[in-house]
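Participant: generate a structure from the sequence data that follows.
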Amino acid sequence: MRKIICIGECSLNVVLDCDGQPLGSMPGGRIANAAAILAREKFNVLMASEASADPVGDIVVDYLTKAGVDVKSVDRFTEGRTALNVFVSPKADAQNALPTLTRYEAYPEEAFDIIWPRIDPGDIVVYGGFYALDRRMRERMVKLLEHASEREAVMVYLPGFLPQQEPRITRIMPQILENLELAHVVVTRNKDLNLIFGIKRPEACYRDHIDFYCRSLINIDNECDTITYYSGTEMTAEIIGATTSSTLLWNAGAVAGIVGAIAGMELKPDVFDAADEGLRKALVSAAAASAAKVAADLSEPWQKIS
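Facilitator: Numbering: from 1, shown residues only. Model prediction:
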């Protein structure tokens with residue numbers, strides 16, 4: 001079976017109400033959650049990451065393990081703390097307000113000292129977020145990404161990061177472009193495109209900034225409740241319900257749907273250079289279906305805030 005190697009941050013999301021009372025917690029990060037979703041669907045998934053040998057790290061790694069993810073490439077460091085994302089819900093009378101987010105992290109200077117996973121032709125490598133840009137780990141990670149590309153893995157890149165992680169985009173734009181060059185498929189959100197390129201319209205951003213590096217862009221748009229695949233001058237869109245796009249895990253569900261479809265269809269890297277209508281439709285439909293399923297499985301009200 002083809003392997004899915006997910007390279008991303010291990011963190012924990014904690015949700016508080018507007019008065020600071022805890023509502024619940026769950027592992028954070030699109031890539032880590034997509035890994036868990038895929039593993040539950042019986043795909044062969046390996047997580048390449050790091051987590052402190054602290055109680056928070058135990059929670060996140062146990063979550064992945066119980067889902068069926070192979071965690072032998074998760075480095076458990078001792079000098080630092082696992083990242084924590086604290087969401088504070090808006091007051092009931094605050095119209096259209098979103099939760100505020102405060103992030104806590106204490107990573108060691110030396111990072112990504114992991115056991116390299118075996119990568120075979122046709123395997124799928126999912127990478128992204130600030131984890132794929134951070135100067136601490138960039139030198140080691142890029143070697144792994146380049147190795148995966150040379151081994152003819154399908155490379156799926158998820159740009160995007162919190163503005164407070166790097167307020168000056170010029171500092172990390174070279175790494176973003178390098179990641180785009182390695183990718184066969186790029187999966188974005190509207191807020192990622194606006195933060196990185198200063199463009200709110202996905203089609204214009206694809207044409208002006210992404211198409212040169214990667215021909216396949218799948219954008220997850222929670223403003224218009226659509227998932228759209230751009231390839232050259234063609235595009236295919238799938239509508240999603242508003243109840244799906246208002247949950248914590250729907251982005252991870254969409255990513256899992258895309259990656260699972262790539263694995264299930266046994267797609268090779270070269271098909272993404274000129275994705276036809278059939279391929280575009282298959283991937284956006286899989287993304288929408290997976291996102292809806294994940295959202296429907298959430299039972300707690302606090303999980304429906306994003």
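Participant: the closest residue in space to Ala106 that isn't next to it in sequence - how many residues pack around it?
Facilitator: Closest residue in space to Ala106, ignoring its immediate chain neighbours: Arg81 at 4.1 Å, by C-beta to C-beta, 6 or more residues apart in numbering. For glycine as for every other residue, the C-beta is placed from the backbone atoms N, C-alpha and C. As a burial measure, the neighbour count of Arg81 was computed by other C-beta atoms under 10 Å and equals 17.
Participant: need the contact list for Arg81.
Facilitator: Under the criterion of C-beta atoms under 8 Å, 6 or more residues apart in numbering, the contact partners of Arg81 comprise Ser52, Asp54, Val56, Tyr104, Glu105, Ala106.
Participant: where does this protein dip in pLDDT?
Facilitator: 93-97, 164, 166-167, 305-306 (pLDDT under 70).
Participant: what is the host helix or strand of Ala51 packed up against?
Facilitator: With elements delineated by DSSP states H and E, Ala51 resides in strand 44-52, which encompasses its position. In terms of contacts (3 or more C-beta pairs under 8 Å, 6 or more residues apart in numbering; DSSP states H and E), strand 44-52 is packed against strand 3-7, helix 30-40, helix 55-67, strand 70-77, strand 81-88.
Participant: do you know which of those lies nearest Ile115?
Facilitator: For these, proximity to Ile115 was assessed by C-beta to C-beta; strand 70-77 is nearest, at 5.1 Å.
Participant: ok, and what's touching the closest one?
Facilitator: Applying C-beta under 8 Å, 6+ apart, the contact partners of strand 70-77 are 10, 44-53, 57, 61, 64-65, 107-108, 111-117.
Participant: ok, residues contacting the helix or strand hosting Lys143?
Facilitator: When secondary structure is defined using DSSP H and E, the element that contains Lys143 is helix 135-150. Residues from elsewhere that reach helix 135-150 (C-beta under 8 Å, 6+ apart): 5, 7, 48, 107, 109-113, 116, 119, 123, 125, 127, 131-132, 155, 175, 178-179, 182.
Participant: cool, and stretch 240-258?
Facilitator: With C-beta under 8 Å, 6+ apart as the test, stretch 240-258 has contacts from 13, 26, 29-31, 33-34, 37-38, 41, 126, 156, 158, 185, 187, 189, 218, 220, 222, 225-227, 283, 286-295, 298, 303-306.
Participant: what do you get for stretch 102-114?
Facilitator: By C-beta under 8 Å, 6+ apart, the list of residues contacting stretch 102-114 reads 11, 48-50, 52, 73-75, 77, 79-81, 83-86, 88, 134, 136-137, 140-141, 162, 164-165.
Participant: buried subset of the residues you listed, written for PyMOL?
Facilitator: Burial among the contacts of stretch 102-114 is assessed by 16 or more other C-beta atoms under 10 Å; the matching PyMOL selection reads:
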select buried, resi 11+48+49+50+52+73+74+75+77+80+81+83+84+85+86+88+134+137+141
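Participant: count the residues that sit near the closest residue to Leu23 other than its chain neighbours.
Facilitator: The shortest distance from Leu23 to any non-neighbouring residue, by C-beta to C-beta, 6+ apart, is to Trp302 (3.8 Å). Summarising burial for Trp302: neighbours were counted as other C-beta under 10 Å, giving 19.
Participant: also Leu23?
Facilitator: Residues within reach of Leu23, counting by other C-beta under 10 Å, total 15.
Participant: what helix or strand is it on?
Facilitator: Leu23 belongs to strand 22-28 when assigned by DSSP H and E.
Participant: among the contacts of helix 135-150, which ones are in helices?
Facilitator: Secondary structure from DSSP state H places Gln175, Glu178, Asn179, Leu182 of the contacts of helix 135-150 in helices.
Participant: most neighbours, which of these?
Facilitator: Using other C-beta under 10 Å as the contact criterion, the top neighbour count among the ones in helices among the contacts of helix 135-150 goes to Asn179, which has 24 neighbours.
Participant: gap between that one and Val125?
Facilitator: Between Asn179 and Val125 the computed distance is 11 Å (C-beta to C-beta, to the nearest Å).
Participant: and what of Ile176?
Facilitator: Using C-beta to C-beta, one gets 17 Å for the distance from Ile176 to Val125.
Participant: of the two, who's got more company?
Facilitator: The residue with the greater number of neighbours, taking Ile176 and Val125 and applying other C-beta under 10 Å, is Val125; the counts read 28 against 21.
Participant: distance check, that one against Arg136.
Facilitator: Looking at Val125 against Arg136, where the rule is C-beta to C-beta, the gap reads 20 Å.
Participant: now swap in Ala36 and tell me
Facilitator: With the distance defined as C-beta to C-beta, Ala36 ends up 25 Å from Arg136.
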